[in-house]
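In: Predicted model and sequence follow; I will ask about them next.
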Amino acid sequence: MTTSFKSPIIPSEQKFARIHGESHEPDLKSICLYAATGFFWGDATYYRDLKAVQPGTLNNIDEDGFLLDSKPWFNWYYEPHGQSFQESVKQHELLLEQIIDEQVGEQNVILPLSGGLDSRSQAVALHKLGKKVSSYSYSFAGGFKEHEISEQIAKKCNFEFQAFEIPHGYLWDDIEKLAQINGCYSEFTHPRQMAVVEDLRKLDGVFSLGHWGDVLFDRGGDEGIEQNDLVKYIHKKVIKKGGLELATQLWKSWGVEGNFQEYLSEVTLDLLKRIEIKNTSAKVRAFKSMYWAPRWTSINMSVFKAAHPITLPYYDDRMCELICNIPEEHLADRKIQIEYIKQNNPAVAQITWQDHKPYNLFNYHRDKSPNNLPYRVKNKIKRMVNDKMGRKYIQRNWELQFLGDENKQHLESYLFNDTFSNFIDPEIVQKVYASFKNDDQVYYSHPVSMLLTLSLWNNKLRD
């Protein structure tokens, strides 16, 4: 029996198919790319004979799970219409509200709120549509209280609201459960929602998630980049700190033929050539939407799904097609979302925009020197005082997972065990971990997180 499958333009979950003629062995080249960037590229997986079904394709898969054929039903394009900026804002308004209304219907809505623009746009739409909403936000223990901004948004929209704090070391009680949920296709320092998944289960309704709005409704990249420079531009956007170093070490230790950086460039160029768009800003956005969104952003949506069904207005095929017809100058700098919020709920627009603290959507353009100097000086003094008092300011999720004696014990139990040493050279692990502890924690936090992820895959999920 043959199963036909139509993949969305941006899939919210990975689907896999087996490939005839390939061995069921680890795809070491692809794992190196994964180590460098934190996501698998194209259709690659951990195994040579297992491939991810590609976005925007029609696929036939046989009863044994083998891919018979695959062909695109959608190709990203850039054909801007000659509309005014206000017409673009109106198109966004009508489509966003239509999609949200269709997706949630009469169900209660669970809305994760942040201090940014995507969930704020959803809040405005949901309030305007008269939906019943339970909202929440979370902040790092010892970090910026993001929930304070979110709570203000909730109050202006008359939503129920809960604030959660992401505690130190929350990962270790659930790391093996998370490995099963996301298949180790994402490093473990990103899904903060795992810390509160049991609390989320107590809520009633469907999630409305704002993922990928910040990519669709912003410039994709610089315009006018030469083809030869576009590969380097992509690499600057996706290669993590310390990622290239780790990937190169793995490549050499496994004895993979050739050079990792050359392979990285070849893969990047091949994927870019599949996108027939001349405008480089639109082309970069399409690249991210085809290869980054489904293989990185979508992975940890499985954590939300473990609590309740999810809806994704910015993942809707119609939203992707709308983006292909809006001029780049309208999309750049989040202008459409900002204008939508200002026009439809000025009170919400007056609340601080987290990326431009302490400014809001009406005056964020003043977030430059010398206007912002008083805030920056005050914030720096506050951090210095906290440092002297031994209260470290938490800015990144890995700081909650990797720092401190208890975290150290858990982390080392996964990094240094006999099973993992049979997969990755212990000297690489020791060198990376020593550099993290003694040299530059920010730079080496990604390599440590990738080694942790690979250890879980190798020890728990590897066939």
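Out: Arrived safely, thanks for sending. Numbers count the residues shown, from 1 in each chain.

In: following the host helix or strand of Leu33, which helix or strand comes up?
Out: For Leu33, the host element (DSSP states H and E) is helix 28-37. With elements assigned by DSSP H and E, the helix or strand that comes after helix 28-37 is strand 50-52.

In: Just the pLDDT for Lys382.
Out: The per-residue pLDDT reported for Lys382 equals 62.

In: nope, Gly143 is what I was after
Out: pLDDT at Gly143 comes out at 60.

In: chain center to whichever strand or helix holds Glu266, what's the gap?
Out: Using DSSP H and E, Glu266 maps to helix 260-273. Mean-position distance between helix 260-273 and its chain equals 22 Å (C-alpha atoms, centre = their mean, to the nearest Å).

In: same deal with stretch 51-69?
Out: 25 Å.

In: gap between the two ends of that stretch?
Out: The first and last residues of stretch 51-69 sit 13 Å apart, counting by C-alpha to C-alpha, to the nearest Å.

In: got it, and stretch 453-463?
Out: 16 Å.

In: residues of that stretch that come out buried?
Out: Thr453, Leu454, Ser455, Leu456, Trp457, Asn458, Asn459 (16 or more other C-beta atoms under 10 Å). C-beta coordinates here come from the backbone N, C-alpha and C atoms, glycine included.

In: Same check on stretch 314-328?
Out: In stretch 314-328, the ones that count as buried by 16+ other C-beta under 10 Å are Tyr314, Tyr315, Asp316, Met319, Cys320, Leu322, Ile323, Cys324, Ile326, Pro327, Glu328.

In: do stretch 91-109 as well
Out: Applying 16+ other C-beta under 10 Å to stretch 91-109 flags 91-93, 95-97, 99-101, 103-104, 107, 109 as buried.

In: Low-confidence regions, the stretch 351-463 of the chain specifically.
Out: Residues of the stretch 351-463 of the chain meeting the criterion pLDDT under 70: 375, 377-395.

In: can you list the domain ranges for the protein.
Out: The chain breaks down into these domains under automatic domain parsing: 1-75+230-273, 85-217+294-366, 378-461.

In: can you put the buried residues of stretch 453-463 in CSV and add distance to Tyr340 and secondary structure?
Out: Below are the buried residues of stretch 453-463 laid out as CSV (distance: C-beta to C-beta, whole Å; DSSP: H, G, I helix; E, B strand; the rest coil):
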residue, distance to Tyr340, secondary structure
Thr453, 37, helix
Leu454, 42, helix
Ser455, 44, helix
Leu456, 41, helix
Trp457, 41, helix
Asn458, 46, helix
Asn459, 47, helix
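
In: export those residues to a markdown table and tack on distance to Ile428?
Out: Converted to a markdown table, the buried residues of stretch 453-463 look like this (distance: C-beta to C-beta, whole Å):
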| residue | distance to Ile428 |
| --- | --- |
| Thr453 | 15 |
| Leu454 | 11 |
| Ser455 | 12 |
| Leu456 | 17 |
| Trp457 | 16 |
| Asn458 | 14 |
| Asn459 | 17 |
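
In: out of those residues, who's nearest Leu33?
Out: Leu454 (12.8 Å; C-beta to C-beta).

In: in which helix or strand would I find the closest residue to that closest one other than its chain neighbours?
Out: On the basis of C-beta to C-beta, 6 or more residues apart in numbering, the spatially nearest residue to Leu454 that is not a chain neighbour turns out to be Ile424, at 6.5 Å. Under the criterion DSSP H and E, no helix or strand holds Ile424.

In: hang on, isn't Ile424 packed against Leu451?
Out: Yes: counting by C-beta atoms under 8 Å, Ile424 touches Leu451, with 7.0 Å between them.

In: Common neighbours of these two, please.
Out: Common contacts of Ile424 and Leu451 (C-beta atoms under 8 Å, 6 or more residues apart in numbering): none found.

In: The nearest residue to Thr37 once chain neighbours are set aside: what's it in contact with?
Out: Nearest residue to Thr37 in three dimensions, chain neighbours excluded: Val238, at 4.8 Å (C-beta to C-beta, 6+ apart). Contact analysis of Val238 by C-beta under 8 Å, 6+ apart lists Thr37, Phe39, Trp292.

In: Run a quick neighbour tally on the closest residue to the second one other than its chain neighbours.
Out: This means Phe39. In space, and not counting its chain neighbours, Phe39 is closest to Trp296: 3.7 Å by C-beta to C-beta, 6+ apart. Trp296 is flanked by 19 other residues according to other C-beta atoms under 10 Å.
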